[in-house]
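Peer 1: okay, predicted coordinates and the sequence, questions at the end:
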Amino acid sequence: MGSNVLRGIPVTRLLLGAVALAFALVGSPLLAPRANAELGACYSDPVVVLSNGVTLDLSATINDSESDISQVAYSIHAPAGISVNSITYTSGPLGPKEVFRLVSSGTSTTYRVATLVSTGTTVPVDASVDAVTANSATLVSMSGNSNQQIVVDVTP
């Protein structure tokens, strides 16, 4: 046999098989990075539906590992008479660490959301609120650090 055959299999076929295997492994879950707080930021993203039809999508991007985060607390100051119809907490490990409080006493149509991320070490946090109504959506973001309140005012 010629030098381009190895145990009855042409070398070009072996090379093609090796290349195909390499591409398959690169795209496989074995080598792909996991969506995990240890590799970057953690995300808290509860959605609050209010009695007046406003939906507040609260969000915190926390530059920390999930194990260092003890709590993500949201406090919403809303116009008087507003109550909560439903809250959908974040799925995954941060969901059970999210707490929520509504204070319905304001006189304006502005919602003030205070986000407090409690961590063992102080890390950067980006907090945002997306206020959605049947006719509009308004997104406002603020940056700060964990272990201090980050206040976002939004008017839908």
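Peer 2: Yep, it's here. Numbering: from 1, shown residues only.
Peer 1: any stretches of the chain with poor pLDDT?
Peer 2: Scanning the chain with the threshold set as pLDDT under 70 gives 1-39.
Peer 1: ok, 80 please
Peer 2: By pLDDT under 80, the weakly predicted segments of the chain are 1-40, 106.
Peer 1: so which residues of it form helices?
Peer 2: Ranges of helices in the chain, per DSSP state H, are 11-26.
Peer 1: where is the longest strand in it?
Peer 2: Of all segments of type strand in the chain, defined using DSSP state E, the longest is strand 69-79.
Peer 1: what's the domain layout of this structure?
Peer 2: Per the record, the chain has its domains at 1-32, 37-154, by automatic domain parsing.
Peer 1: let me know which of those domains is tucked in deepest.
Peer 2: domain 37-154 (a mean of 17; mean count of other Cβ atoms under 10 Å). Every residue, glycine included, has its C-beta placed from N, CA and C.
Peer 1: how far does that one sit from the chain's center?
Peer 2: Taking the mean C-alpha point of domain 37-154 and that of its whole chain, the gap between them comes to 11 Å (Cα atoms, centre = their mean, to the nearest Å).
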